[in-house]
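Participant: need a 3D model of the following:
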Amino acid sequence: MIEFFDRAGQEAAFCHDGHALYLWNGKPAAFLHDDKVYAYDGRFIGWADRGWISDETGACLLFEHDAVGGPDKPRRQTKTTPGPRGAKPARGEPGPTPPGRFAAATWSDRVFADLI
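Facilitator: Got it, this is the predicted structure:
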């Protein structure tokens, strides 16, 4: 299981199978397709690369413990057990993605959970 943390070092999401992202409480949040992250309705959320989940501009939303590059990672806070995985909704057709690929070394002002 891959665990993701936010800019404050708080547990935020996890990925059990390499394809589906869940919020820490177990709610299905998004799916991964290639190196892209989509909400289940098909909206493009951002990118997944080198242990980071970033928004559509490339600013970092979440990190896993061994993420490479990106902004300074905060110390991870005490972790709880993630909630049971909820049933995944049907996937919408993946929407358009921005041209090019961004790799910012900054934190996003957005919150991952708010993007789903």
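Participant: what's in contact with stretch 70-90?
Facilitator: Here stretch 70-90 makes contact (Cβ atoms under 8 Å, 6 or more residues apart in numbering) with 1, 3, 5, 7-11, 14, 16, 20, 22, 24-28, 31, 40, 50, 52, 60, 63, 65, 67, 104-107. (Glycine included, C-beta is placed from N, CA and C.)
Participant: this structure: helices as residue ranges?
Facilitator: 112-115 (DSSP state H).
Participant: and the strands in the chain?
Facilitator: Remark: strands assigned in the chain by DSSP state E are 2-5, 11-15, 20-23, 28-33, 36-39, 44-49, 52-55, 60-63.
Participant: distance of G70 from A105?
Facilitator: 6 Å (Cβ to Cβ, to the nearest Å).
Participant: looking only at neighbour counts, state which of these two leads.
Facilitator: G70 (20 against 11; other Cβ atoms under 10 Å).
Participant: could you pull up the contacting residues of the residue most central in space within the chain?
Facilitator: Residue closest to the average C-alpha location in the chain (Cα atoms, centre = their mean): I53, at 4.2 Å. If you count contacts by Cβ under 8 Å, 6+ apart, I53 has them with 4, 13, 21, 37, 46-47, 60-63, 112.
Participant: no more questions from me, cheers.
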